[in-house]
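*Asks:* mind looking at a prediction? Sequence and model below.
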Amino acid sequence: MKNVIEKIKNFLKKSNWKYSFKEEDNIFILGIDMGNVVGDLKILILVDETYYNVYTILNSKVEEKYYSVVAEFLHRANYGLNNGNFELDYRDGEVRYKSFVNFEDIDVSEKVVGESIIIGCIMMDKYGKALLKVMLGEGTPKECVEECEKKEED
């Protein structure tokens, strides 16, 4: 675990990311400004004995009346993703992207560490604007996901 923590610290330092590390809980806390309507994202990296999770959390919360359409949007977006997934917390409307890295009995490369941290930002950039539309009741989940994925094809 200590080796992975050091690799995460090295990646963040090399990338000039400001972060805090709660040693007692093995949690990294950082953020990024996406430079668009998605705004600021909070990133939590929770390191356990044999794995770590990276949570990239949207700053906006889903209103309860939109939970079902946002959930549909997220399920449609998740279909076919190779590395991670979107999640909706039905308790408070939080939307996040989660990636998981199992490092039991292996030496995880700094490249894997970097990709596991960046992927949530990439996915929030790809789907974030359309997600916000759905959160505001301004588009159907199907149309909004298709719009995001069509841009990728172009």
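*Replies:* Arrived safely, thanks for sending. All of these numbers come straight from a predicted model, not from anything done at the bench.
*Asks:* where does pLDDT dip in the chain?
*Replies:* Low-confidence segments of the chain, defined by pLDDT under 70: 151-154.
*Asks:* mind listing what's buried along the lengthiest helix in the chain?
*Replies:* Counting residues, the longest helix found in the chain (DSSP state H) is helix 110-135. Under the neighbour-count criterion of 16 or more other C-beta atoms under 10 Å, helix 110-135 has 112-121, 123-124, 127-135 buried. Placement of C-beta: from N, CA and C, glycine included.
*Asks:* what packs against it?
*Replies:* If contacts are counted by 3 or more C-beta pairs under 8 Å, 6 or more residues apart in numbering; DSSP states H and E, helix 110-135 sits against helix 2-14, strand 40-47, strand 51-58, helix 67-78, strand 95-102, helix 141-153.
*Asks:* direction included, what does the third one pair up with?
*Replies:* By that I understand strand 51-58. strand 40-47 (antiparallel), strand 95-102 (antiparallel) (DSSP bridges).
*Asks:* which helix or which strand is home to the residue sitting furthest away from the middle of the chain?
*Replies:* Relative to the centre of the chain, the most outlying C-alpha is that of D105, 25.5 Å out, by C-alpha atoms, centre = their mean. Taking DSSP states H and E as the definition, one finds D105 inside no helix or strand.
*Asks:* phi, psi of it?
*Replies:* As for D105, its main-chain torsions (degrees, to the nearest 10) stand at phi 60, psi 20.
*Asks:* from K9, how far off is it?
*Replies:* Distance of D105 to K9, given as C-beta to C-beta, to the nearest Å: 22 Å.
*Asks:* repeat for N83
*Replies:* Applying C-beta to C-beta, the value for N83 to K9 is 22 Å.
*Asks:* who's in contact with N82?
*Replies:* Applying C-beta atoms under 8 Å, 6 or more residues apart in numbering to N82 gives no contacts.
*Asks:* ok, P141 touching Y66?
*Replies:* No - taking contacts as C-beta atoms under 8 Å, P141 lies outside contact range of Y66: 10.4 Å.
*Asks:* what residues are shared contacts of the two?
*Replies:* Going by C-beta under 8 Å, 6+ apart, residues that sit against P141 and also against Y66 are V134.
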